[in-house]
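Enquirer: Got a sequence here, can you model it:
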Amino acid sequence: RDPAIVRGLIVGSIKRAMAEEGHRTSTTVSTAALGHFRPGSLPLRPASAGGSGYSNPSPFAGRPTTASEWPVGLGEAAREFLAPDPPSSGSHTPLELDTGPPSARGAGDAMPDVFQLGNTWIPEFVALRAIEPLDARLKAWPEAALNDYFPGILATNRLDGRTYALPWYVDTRLFFYRTDLLAAAGFAEPPTTWADWLRAMNALKGAAGSERYAILLPINEWQLPVILALQRGATLLRDHDQYGNFQEPSFREAFAFYLSLFTQGLAPPVSNAQMANLYQEFANGKFAIYVSGPWNIGEFGRRLPAAVQPHWDTAPLPAFASAAGVSLAGGASLALSRTSSRQEAAWALLAFLAEPAQQARFYQLTGDLPARQSAWRDPALAGNRHAQAFWRQLQNLRATPPIPEWERIANRIAYYAELAVRQDLSPDDALAALDRDVDRILEKRRWLLSRGVTP
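Expert: Numbering: from 1, shown residues only. The predicted structure follows:
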């Protein structure tokens with residue numbers, strides 16, 4: 001009767017099974033993916049079709065020669081790209097394109113010619129020598145084209161002075177909030193500092209009662225503890241990213257602030273899987289503030305009742321001082337396979353998709369925010385008031401450490417943050433254990449660096 005509950009059960013079961021096998025998952029992304037799934041939208045393909053060894057790969061794994069096989073957004077762009085040279089002319093170069101997790105496909109001959117990957121995965125694929133550097137090809141680009149990318153996002157595509165991918169769409173975290181509830185608590189405009197937001201959250205909690213909360217912070221997510229630490233100036237790692245640095249004062253202060261939101265009763269100690277329908281709870285006033293990403297602009301527009309639609313908005317994250325509050329540099333990028341035999345054709349497609357007009361079109365089709373700043377002048381985006389806070393936030397970003405081990409480290413941050421929120425571990429014990437785990441994760445990195453090998 002309630003699809004949201006079914007999705008929650010599916011996501012929770014998958015996350016639990018994967019966690020038991022030591023894999024990290026992202027509830028926000030998987031929930032969004034399930035929320036957009038429609039029966040029959042991903043045709044089954046035999047394992048031999050894509051040569052990838054798994055029975056239901058993304059439908060783009062078998063070297064599609066027509067754009068109809070490519071995903072929403074990319075398919076439309078590909079049709080335009082191929083229009084002057086249709087496949088039937090005999091001169092078309094078939095390209096393999098994938099937007100699924102490339103790590104599932106391995107490296108070598110199984111890699112697609114062009115693939116999408118989250119920008120935190122780029123260091124891992126560079127370490128695998130799976131990505132072709134783009135610097136030689138980018139020399140033909142005008143300097144203004146590269147400067148058109150959000151600097152904090154483009155930086156995540158560069159390692160050791162080389163550019164390995166181009167940003168495709170951007171992602172960061174900020175506040176979604178109820179304007180009516182905040183105004184009723186005495187705040188006509190969203191505050192800009194954490195101190196003022198704390199006053200606002202205490203006012204919201206006082207007006208809402210014991211069964212309601214000011215803010216929802218799913219305790220199985222690592223993003224906000226890391227954002228708070230970056231705002232405090234924490235480095236997360238030390239000694240050239242060879243050891244964890246989670247017990248140093250700036251991270252400890254940020255972690256204590258994060259935990260205080262729960263001990264003060266401002267946030268419920270629940271995970272994503274325990275919140276059956278966050279949109280319904282947001283509409284009912286169960287909480288007034290939610291830290292999330294740009295995919296929820298569309299979800300809030302579709303899922304919140306009409307009566308609530310005029311009463312929600314977005315705001316950049318606050319800061320601990322007067323400076324702008326930084327957030328994470330997230331999103332996805334497009335890369336070329338190092339082993340592709342069709343690199344020139346693949347680069348032509350990648351360069352076409354990087355054009356501002358195509359980025360704007362991709363936003364119109366999917367709601368994913370463009371990585372090119374000039375694409376934001378498109379009326380469809382410029383007229384979206386909920387997206388404007390993301391524009392401001394994207395000017396103030398920090399990236400996580402650019403190392404292959406980051407995904408595993410992020411998983412441990414989420415794990416120990418949840419234990420501390422549930423008071424199964426003291427903050428000091430949680431951070432000490434986190435440092436120990438991260439030091440073990442980075443052991444191979446230290447071994448390689450000690451021998452003069454770049455991991």
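Enquirer: Wait, residue 389 touches residue 174, no?
Expert: Yes - Residue 389 is in contact with residue 174 according to CB atoms under 8 Å; the separation is 5.7 Å. Using the backbone N, CA and C atoms, a C-beta is placed for each residue, glycine as well.
Enquirer: Distance check, residue 346 against residue 404.
Expert: Distance, residue 346 to residue 404, by CB to CB, to the nearest Å: 24 Å.
Enquirer: Which of these two has more residues huddled nearby?
Expert: Between residue 346 and residue 404, counting by other CB atoms under 10 Å, residue 346 is the more crowded of the two (24 against 18).
Enquirer: Run a quick neighbour tally on the nearest residue to that one once chain neighbours are set aside.
Expert: Residue nearest to residue 346 in three dimensions, not counting chain neighbours: residue 113, with 4.1 Å by CB to CB, 6 or more residues apart in numbering. By other CB under 10 Å, 24 other residues sit near residue 113.
Enquirer: Same question for residue 315.
Expert: Residues lying near residue 315 (other CB under 10 Å) number 21.
Enquirer: Please apply the same query to residue 349.
Expert: Neighbours of residue 349 (other CB under 10 Å): 22.
Enquirer: Using the three-state scheme, assign it.
Expert: Secondary structure for residue 349, judged by DSSP: H, G, I helix; E, B strand; the rest coil, is helix.
Enquirer: pretty sure the residue nearest to residue 346 is in contact with residue 335, am I right?
Expert: No - in this structure residue 113 lies outside contact range of residue 335 using CB under 8 Å: 10.0 Å.
Enquirer: If you count surrounding residues, which of residue 389 and residue 174 has more?
Expert: Using other CB under 10 Å as the criterion, residue 389 and residue 174 rank with residue 174 on top: 23 against 20.
Enquirer: and the more buried one, what does it touch?
Expert: Applying CB atoms under 8 Å, 6 or more residues apart in numbering to residue 174 gives the contacts 291, 292, 314, 315, 316, 317, 327, 389, 390, 393.
Enquirer: Could you measure from it over to residue 387?
Expert: Counting by CB to CB, the gap from residue 174 to residue 387 is 11 Å.
Enquirer: Tell me which stretches of the stretch 201-350 of the chain form helices.
Expert: Counting by DSSP state H, counting those that start in this stretch, the stretch 201-350 of the chain has these helices, from start to end: 223-231, 249-263, 278-284, 295-303, 343-353.
Enquirer: The last one: which residues count as buried?
Expert: Of all the residues in helix 343-353, those buried under the rule 16 or more other CB atoms under 10 Å are 343, 345, 346, 347, 349, 350, 351, 353.
Enquirer: Who are the packing partners of it?
Expert: helix 74-82, strand 114-118, strand 330-336, helix 356-366 (3 or more CB pairs under 8 Å, 6 or more residues apart in numbering; DSSP states H and E).
Enquirer: How about the first one?
Expert: Helices and strands touching helix 223-231, by 3+ CB pairs under 8 Å, 6+ apart, are helix 249-263, strand 327-328, helix 406-421.
Enquirer: Need the winner for burial among the ones you listed.
Expert: Comparing the helices and strands packed on helix 223-231 by mean neighbour count (mean count of other CB atoms under 10 Å), strand 327-328 comes out on top with a mean of 26.
Enquirer: Done for today, thanks.
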